[in-house]
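Visitor: pasting the sequence and the predicted coordinates here, then a few questions.
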Amino acid sequence: MGFWRLSLTFVEEKSEKMNGESTRQKKVGRQVQRDLGDIFREASQELFGGKMITVTRVRMSPDLSLARVYLSVFPPVSPEEFDALVNVHKKEVRFRLGQRMRHQLRSIPELAFFLDDSLDYIERIDDLLKK
C-alpha cells in the first residue's frame, strides 16, 4: 500500500511540473489579476485617458518576483500605442498594487505588460468562417 501512495504522489508532483505553475503561483496570479483589474478600472480616466483596460491573464514566475500581465484594451490600440499607454505608468500601477497586497506578499512582483490579442485572433477566424 505504501508503494502505491508513493507512486501516486510522484505522479501528482510530475504533473504539476509539467503543467507549469504551482498552486501558489496560481493563487498569487489570481489575486494580482483581481487587484490589477480594480486598479485599471479605478485609474482608467486619470492614467489611461478613459480607455477600458481588462486584465485577461496573469502568469507568475516560480519565485513570484515577476508577473507577466496580459491586457486587452478597448478601443483597440496598436502595439506602439499600447507601450506608450501602459508602460509609462508601470511604476504607478506597481505602487498601487503594493498598497493593496502589502500584507499578503513579502515583495511585490515586477510587472511586465503584454497586449493580449487573442480576441482579435478569434474575431479574424470568425470573419474567415463567415466568408
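Guide: Received it, and whenever you're ready, just let me know what you need.

Visitor: quick check: which element contains the most centrally placed residue in the chain?
Guide: Centroid-nearest residue in the chain: V58, 1.8 Å away (criterion: Cα atoms, centre = their mean). In this assignment (DSSP states H and E), V58 forms part of strand 52-60.

Visitor: with just CA atoms, put whatever helix or strand comes next after that strand into CSV.
Guide: Counting by DSSP H and E, the next helix or strand C-terminal to strand 52-60 is strand 66-74. The C-alpha trace of strand 66-74 is given here as CSV (Å, rounded to 0.1, in the frame of the first residue of the first chain):
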residue,chain,number,x,y,z
LEU,A,66,7.8,38.7,-12.0
ALA,A,67,4.2,38.9,-13.1
ARG,A,68,3.5,38.6,-16.8
VAL,A,69,0.3,40.5,-17.3
TYR,A,70,-1.8,40.2,-20.4
LEU,A,71,-4.1,43.1,-21.1
SER,A,72,-6.9,43.8,-23.5
VAL,A,73,-7.6,47.4,-24.4
PHE,A,74,-10.8,48.9,-25.7
